[in-house]
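Colleague: heads up, no residue letters with this:
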């Protein structure tokens, strides 16, 4: 088998592994690479606090947010029932 055989067959290579993780821009919502300093769509400069906020929100799965909301509502209902 020659090296030329691999160049013709592109299915063996998964190109998705090169993609950088992205987060939504706080200004316009477009995808911005996590390592970028500036949004390519609107030019917004990402601050360090933006990065911390975006990385914690993107790392938290939706089921965790939903569970936290359900627990909070249950606590509020329990507190309201206890008070009255």
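Modeller: Thanks, I have it. Quantities reported herein were computed from a predicted structural model and do not represent experimental measurements.
Colleague: any idea of the pLDDT on residue 19?
Modeller: For residue 19, the model assigns a pLDDT of 70.
Colleague: and the gap between it and residue 33?
Modeller: Distance of residue 19 to residue 33, computed by C-beta to C-beta, to the nearest Å: 9 Å. (Glycine included, C-beta is placed from N, CA and C.)
Colleague: Over to residue 75?
Modeller: Per C-beta to C-beta, residue 75 is found 38 Å from residue 33.
Colleague: Residue 80 too?
Modeller: Separation of residue 80 from residue 33 (C-beta to C-beta): 45 Å.
Colleague: Between these two, which has more neighbouring residues?
Modeller: For residue 80 versus residue 33, neighbours defined as other C-beta atoms under 10 Å are more numerous around residue 33 (13 against 9).
Colleague: how about the strands in the protein?
Modeller: 22-24, 31-33 (DSSP state E).
Colleague: For the helix of greatest length in the chain, give the mean pLDDT please.
Modeller: If you go by DSSP state H, the chain has its longest helix at helix 62-83. Helix 62-83 shows a mean pLDDT of 89.
Colleague: start the count at 319, not 1, going forward
Modeller: I'll keep to 319 as the first residue from here, and by that count the last item is helix 380-401.
Colleague: What is that helix packed up against?
Modeller: Under the contact definition 3 or more C-beta pairs under 8 Å, 6 or more residues apart in numbering; DSSP states H and E, helix 380-401 sits against no other helix or strand.
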